[in-house]
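S.K.: Sequence and predicted structure, then a few things I'm wondering about:
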Amino acid sequence: MKNIHTNNAPAAIGPYSQAKVSGGFVFTSGQIALDPQTGAVIGQDVQTQAQQAIANLGAILKEAGSDFDHVVKTTCFLADMGDFAAFNDVYARYFTSKPARSCVAVKTLPKNLLVEVEAVAELI
């Protein structure tokens, strides 16, 4: 296994890595709407937060040797399922290959954010 780290995504805020590469796949940790340089929360609405979380995810995929077109599975966490449609508007712009996906509402996300996204992708 190989640890993945890029300065173009927020550093892990706990005892985990941004991603792991194993068996021809990259497994990312969940990404939230943090500025990679400052660690500050980006946005107050689900669309802005989704945009930043997915941008962070893209940076990790790139560092690992993959991209959005090679994502096979995502898991998406929303603080409010009422944000499902607005979240999908952003998600659909990036995941055009339509990977398998789970999307669930959770009680609380880190830093009380509205969305978190993780992915499993093939290496290119």
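M.R.: The structure has been received and is ready for your questions.
S.K.: C-alpha only now, for contacts and for neighbours.
M.R.: Fine.
S.K.: From residue 26, how far out is the residue lying closest to residue 121 once chain neighbours are set aside?
M.R.: Nearest non-adjacent residue to residue 121, counting by CA to CA, 6 or more residues apart in numbering: residue 71, 3.9 Å away. For residue 71, the distance to residue 26 equals 9 Å [CA to CA, to the nearest Å].
S.K.: what sits in contact with each of the two?
M.R.: Each of 120-122 lies in contact with both residue 71 and residue 26 under the rule CA atoms under 8 Å, 6 or more residues apart in numbering.
S.K.: before we move on, back to that, so between residue 71 and residue 26, which is more surrounded?
M.R.: Neighbours were counted for residue 71 and for residue 26 using other CA atoms under 10 Å; residue 26 has more, 26 against 23.
S.K.: could you pull out the helices for the protein?
M.R.: In the chain, the segments counted as helices under DSSP state H are 46-64, 84-94.
S.K.: So what's the residue count around the nearest residue to residue 16 once chain neighbours are set aside?
M.R.: Closest residue to residue 16 apart from its sequence neighbours, by CA to CA, 6+ apart: residue 29 at 7.9 Å. A total of 19 residues lie near residue 29 under the criterion other CA under 10 Å.
S.K.: mind listing what residue 29 touches?
M.R.: 16-19, 118-119.
S.K.: What distance do you get for it to residue 90?
M.R.: 19 Å.
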